[in-house]
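K.L.:
need coordinates for the following:
(chains A, B, C and D)
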There are 2 protein chains.
Amino acid sequence: MNKSSLRILSTLEHVGGFASAQEIHRIMTRDGKNIGLTTIYRGLQALVGEKVVDILRRDDGEAIYRMCGVAHHHHLVCKNCGRTVEIEGEVIEKWAAREAAANGFREVGHSAEIFGICSSC
Amino acid sequence: MNKSSLRILSTLEHVGGFASAQEIHRIMTRDGKNIGLTTIYRGLQALVGEKVVDILRRDDGEAIYRMCGVAHHHHLVCKNCGRTVEIEGEVIEKWAAREAAANGFREVGHSAEIFGICSSC
DNA sequence: TATGAAAATGACAATCATTTTCATTTCTGT
DNA sequence: ACAGAAATGAAAATGATTGTCATTTTCATA
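P.N.:
So this is what the prediction gives:
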């Protein structure tokens, strides 16, 4: 994690929600932080690689970034015996964020559950 | 719905899953169908407007299209005013199927909902 | 059949986000 | 201080998508 990545991360933290590379660059430039657009792209790539930052897409295809939150998990529940398995749901987080952004929603949360018949039943 | 839109739709039907505008153009050109890339883009836009075709994004941001199926949808709900938007949830279907299979579950169903504050609130 | 307005078409140029290149600068350890 | 490595950013390249505009097609009506 190098210095500009940290500066980018701090900007991302400051804006709160999502921001595109170009927006981040505009903001940092406006605020007197001196940084090149190229460096922003590289920094964001690095942060995404380190899973510190999430990337998703606006409707027009522009990539937007946000700090990774504490990704909450979901449940797989047996309709018959009630056995519950905790599962990973990163795709759901992205889906929720993307759909919400596409429709102009803020302060987004979601629920998702899978139910079926477990192998023992 | 004009003639080229129909030809595009038929191509899309033929390929089955998803295809980008460029891919559709490549396929139609290869198959001797004479059509310009611009017309493909316009036709796809029209089809999306008529809700005959769905648009989504590849990871690299390229737009891909498919015929609207009867794919069941999900809801994006405003916590404040209750406004509800129907949204696409193909990723959810896949996620549910994959996680269920990984854990040996059968007869799988799922629920997923996103909630937040809509742009008017 | 002829005609003219409106819609459709497609070649080409423009736009815009993102990536690549490459010369220069900044670090890092010795 | 010095060499080599990593980081930086300006500018050019890339690639998808959109805009422009002259030409062609469609189609209702005379």
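
K.L.:
list of residues touching the top strand by length along chain A?
P.N.:
With secondary structure taken from DSSP state E, chain A has its longest strand at strand A:106-117. The contact list for strand A:106-117 (C-beta atoms under 8 Å, 6 or more residues apart in numbering or on different chains) reads A:17, A:74-80, A:87, A:89, A:92-93, A:96-97, A:100, B:79, B:92, B:96, B:99-100, B:105-117, B:119. Yep, even glycine has a C-beta here, placed from its N, CA and C like the rest.

K.L.:
any weak-confidence spans in chain A?
P.N.:
In the predicted model, chain A carries pLDDT under 70 at residues A:17, A:69-73, A:77-83.

K.L.:
quick one, the longest strand of chain A and strand B:106-117 angle?
P.N.:
Inter-element angle recorded for strand A:106-117 and strand B:106-117: 170 degrees (by axes from the mean of the first three to the mean of the last three C-alpha atoms, to 10 degrees).

K.L.:
show me which residues of chain A sit near chain B.
P.N.:
Residues of chain A lying close to chain B (C-beta under 8 Å from any C-beta of the partner chain) are A:57, A:61-63, A:76, A:78-79, A:85, A:87-89, A:91-92, A:94-96, A:99-100, A:103-119.

K.L.:
count the residues that sit near A:Ser10.
P.N.:
Applying other C-beta atoms under 10 Å in any protein chain shown, we find 11 residues neighbouring A:Ser10.

K.L.:
helix/strand/coil for the residue nearest the centre of chain A?
P.N.:
Closest to where the C-alpha atoms of chain A average out (C-alpha atoms, centre = their mean) is A:Asp54, at 3.5 Å. Secondary structure, DSSP: H, G, I helix; E, B strand; the rest coil: A:Asp54 is strand.

K.L.:
now swap in A:Thr11 and tell me
P.N.:
Going by three-state DSSP: A:Thr11 is helix.

K.L.:
that one contacts A:Arg30, doesn't it?
P.N.:
No: checked against C-beta atoms under 8 Å, the pair A:Thr11 and A:Arg30 is beyond contact range at 10.8 Å.

K.L.:
those two: who's more crowded?
P.N.:
The neighbour count for A:Thr11 versus A:Arg30, taken as other C-beta under 10 Å, is higher for A:Thr11 (20 against 8).

K.L.:
so how far is A:Ile35 from the more buried one?
P.N.:
Counting by C-beta to C-beta, to the nearest Å, the gap between A:Thr11 and A:Ile35 amounts to 9 Å.

K.L.:
which residues are common contacts for the two?
P.N.:
Common neighbours of A:Thr11 and A:Ile35, counting by C-beta under 8 Å, 6+ apart, are A:Met28.

K.L.:
can you list the residues of chain A near DNA strand C?
P.N.:
Applying C-beta under 7 Å from any atom of the strand, one finds that chain A approaches DNA strand C through A:3, A:20-22, A:37-38, A:41-42, A:45, A:62-63.

K.L.:
ends of stretch A:30-38, what's the gap?
P.N.:
17 Å (C-alpha to C-alpha, to the nearest Å).

K.L.:
where do the domain boundaries of chain A fall?
P.N.:
Domain ranges of chain A: A:1-69, A:71-121, per automatic domain parsing.

K.L.:
now for the residue of chain A found nearest DNA strand D: which residues touch it?
P.N.:
Minimum separation of chain A from DNA strand D (C-beta to the nearest atom of the strand) falls at A:Gly36, amounting to 2.5 Å. Taking C-beta under 8 Å, 6+ apart, we find A:Gly36 in contact with no residue.

K.L.:
next, it: phi, psi?
P.N.:
phi -90, psi 150 (degrees, to the nearest 10).

K.L.:
the residue in chain A sticking out farthest from the centre in helix, strand or coil?
P.N.:
Distance to the chain centre peaks in chain A at A:Cys121, reaching 36.6 Å (criterion: C-alpha atoms, centre = their mean). Following three-state DSSP, we place A:Cys121 in the coil state.
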